[in-house]
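Q: Sequence isn't available, so here's the structure alone:
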C-alpha cells in the first residue's frame, strides 16, 4: 500500500525557515520522481518543486526559486522541502506527490503558516 506522510509544518515569522518532510512506504522509492505542491485557502493546488529519481534534476516554480530547495534521501525513503526567506504568501497546506503508473498518490498535507 502506497503511503506518503508529510510533517514539519508550523507557524513561522516572515523571513524565517522551515523544512517539511515526506516519508513514504509501500513502493520502490528510488524509482520515482517526486513533487511538492501547495494549496492556499480558496485557491487551487499549485506546483512548488520537483525532483527526479536520482536527485540530480530539480525544478521550481518561479515564486519559490532561490528560496526553496527540494532534496531526497533514497536510504530513508524521504523527500524534503527546505523553505527559507518565507513570506506570508507561502502560507498553505503543503503536499507531496508521486505518480506510479497511472495512479497519482498524495499525502495528507502539512500546514505552513507565515505570519508575524
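A: All right, it came through fine. It should be emphasised that the depicted structure is a prediction, and the values quoted were computed from it without experimental measurement. Residues are numbered from 1 along each chain as shown.

Q: switch to C-alpha atoms for all contacts and neighbour counts from now on
A: Fine.

Q: ok, residues contacting stretch 75-83?
A: With C-alpha atoms under 8 Å, 6 or more residues apart in numbering as the test, stretch 75-83 has contacts from 17-25, 29-30, 34, 36, 67-73.

Q: From those residues, list the buried ones, please.
A: Among those, the ones that count as buried by 16 or more other C-alpha atoms under 10 Å are 17-24, 29-30, 34, 36, 68-72.

Q: Inside strands: which ones of the residues you listed?
A: Cross-referencing the buried ones among the contacts of stretch 75-83 against strands under DSSP state E gives 18-24, 34, 36, 68-72.

Q: Can you pick out the most distant pair from the residues you listed?
A: By the measure C-alpha to C-alpha, 24 and 68 form the most distant pair in those, at 20.9 Å.

Q: What count of nearby residues applies to residue 14?
A: Other residues within reach of residue 14, judged by other C-alpha atoms under 10 Å, total 17.

Q: Surely it is in contact with residue 116?
A: Yes. Counting by C-alpha atoms under 8 Å, residue 14 touches residue 116, with 6.3 Å between them.
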